[in-house]
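S.K.: How does the following fold in three dimensions:
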Amino acid sequence: MLNPNKKFKIILGVALVLLLSLAIFLVINNLSSKKKTENFNEEEFLAKIQKQYDEIHKDSFKVVGESACLPVKDENIPHNDICLFAIKSEEGYYRLQAPSDDPNNIVNKIKAGQKVEISGELIKEESDVYQTLGTIKVLGIKYLSTETENLSAGLPETFRADYISFSNYNFNTFKAEEYPKLESWVENGEIECNETPLESSLPLRVNKKEINGQKYCVAASSEGAAGSVYTQYAYTTVIDGQVYSVIFLARYVNCSNYPDQKWQECEAERTSFNLDNLVDLEVRKR
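M.R.: Numbering: from 1, shown residues only. All right, here's what the predicted structure looks like:
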């Protein structure tokens with residue numbers, strides 16, 4: 001039988017070994033998490049997508065403002081009541097003209113009052129009836145949020161959930177023939193991209209998906225923080241010669257943080273929530 005002193009020394013030694021092992025584990029885990037955080041850069045991820053839009057429209061006329069109907073100079077002058085689509089900028093109003101080869105007529109699908117950046121060809125023309133600085137033949141539309149709006153502003157009504165939140169929603173359109181080969185590209189009328197290998201350790205994952213018969217390239221990058229996982233998504237597809245890009249950030253709360261009933265609700269929602277269908281629905285509305 002061991003004497004009490006020797007027994008105490010053994011217990012103390014085992015405790016010290018366990019504490020040292022725990023300390024080493026925490027250091028390694030911290031370094032791993034730090035490396036993961038350093039590898040993930042949301043701004044760089046968004047910049048890659050933004051680069052496509054900017055590259056296409058670098059030589060285009062651009063104006064930022066809110067969508068509106070073109071106002072008349074004088075209500076007493078005879079005019080029809082048809083809304084001539086326009087953008088109201090700080091300088092004044094510009095009439096918007098959709099491309100003649102655009103079967104989806106992207107211009108008349110901009111919501112009234114929506115803040116957008118319009119890219120295209122400016123045609124200087126005057127009107128005796130309407131207030132206008134000219135007409136823009138629209139080549140691209142970038143959907144924006146105003147400074148006073150919160151991060152979830154501009155979200156479609158379908159992007160609602162109890163245990164998942166969305167922000168930084170951005171919807172862009174491009175002409176397929178002008179879409180450059182960067183992170184994704186157009187090939188034979190469909191979107192193409194280089195998929196991320198399964199064995200890759202990079203935080204950014206790119207995959208091809210067929211959603212309701214429509215081919216998409218989906219990029220996603222995730223980062224964990226304070227009991228939640230944040231995932232930045234970029235969905236891109238081609239329909240009738242038009243490239244659609246949907247970008248947003250999703251926050252997934254750890255369901256185990258909730259008590260039993262809410263935990264079950266959270267898990268059920270997570271299982272049934274079909275993000276792919278929501279994105280495809282919004283794209284087909286345009």
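
S.K.: So which residues of the protein form helices?
M.R.: Secondary structure of the chain, counting by DSSP state H: helices at 4-39, 42-56, 260-272, 275-285.

S.K.: And these, which one averages the lowest pLDDT?
M.R.: Mean pLDDT per stretch puts helix 4-39 lowest among the helices of the chain, at a mean of 48.

S.K.: Please report how far E282 lies from K137.
M.R.: Applying CB to CB, to the nearest Å, the value for E282 to K137 is 25 Å. All C-beta spots, glycine's among them, are computed from the backbone N, C-alpha and C.

S.K.: the more surrounded of the two?
M.R.: Applying other CB atoms under 10 Å to E282 and K137 shows that E282 carries more neighbours, namely 18 against 15.

S.K.: Which residue, other than its chain neighbours, is closest to that one?
M.R.: Setting aside the residues directly before and after it, E282 is nearest to P156 in space (CB to CB, 6 or more residues apart in numbering), at 5.3 Å.

S.K.: Kindly report the same for K215.
M.R.: That would be E190: by CB to CB, 6+ apart, it lies 5.1 Å from K215.

S.K.: Pull the number of nearby residues for that neighbour.
M.R.: The local packing count at E190 equals 16, with neighbours defined by other CB under 10 Å.

S.K.: for S67, same thing?
M.R.: S67: 22 surrounding residues under other CB under 10 Å.

S.K.: How about the contacts made by it?
M.R.: Taking CB atoms under 8 Å, 6 or more residues apart in numbering as the contact definition, S67 lies against F85, A86, I87, K88, L96, I110, K111, A112, G113, Q114, V116.

S.K.: hmm, which of the residues you listed are the buried ones?
M.R.: Listed as buried from the contacts of S67 are F85, A86, I87, K88, L96, I110, Q114, V116; burial here means 16 or more other CB atoms under 10 Å.

S.K.: Which single one of those is nearest to D162?
M.R.: Nearest to D162 among the buried ones among the contacts of S67: Q114, at 26.8 Å, using CB to CB.

S.K.: What's the separation between the closest one and S228?
M.R.: According to CB to CB, Q114 stands 29 Å off from S228.

S.K.: Check the gap between the residue lying closest to L155 once chain neighbours are set aside and G113 for me.
M.R.: Excluding the flanking residues, the one nearest L155 by CB to CB, 6+ apart is Y169, at 4.9 Å. According to CB to CB, Y169 stands 16 Å off from G113.

S.K.: circling back to that earlier point, how much space between the residue nearest to E282 and F248?
M.R.: Shown here: P156 relative to F248, a distance of 10 Å by CB to CB.

S.K.: joint contacts of those two?
M.R.: In the contact map built from CB under 8 Å, 6+ apart, the residues linked to both P156 and F248 are Y169.

S.K.: what about E157, how many residues close to it?
M.R.: Other residues near E157 number 5, with proximity taken as other CB under 10 Å.

S.K.: again with T236
M.R.: Counted with other CB under 10 Å, the neighbours of T236 add up to 27.

S.K.: now swap in the one 4 residues further on and tell me
M.R.: Taking other CB under 10 Å as the neighbour definition, D240 ends up with a count of 10.

S.K.: now swap in A250 and tell me
M.R.: Applying other CB under 10 Å, we find 20 residues neighbouring A250.
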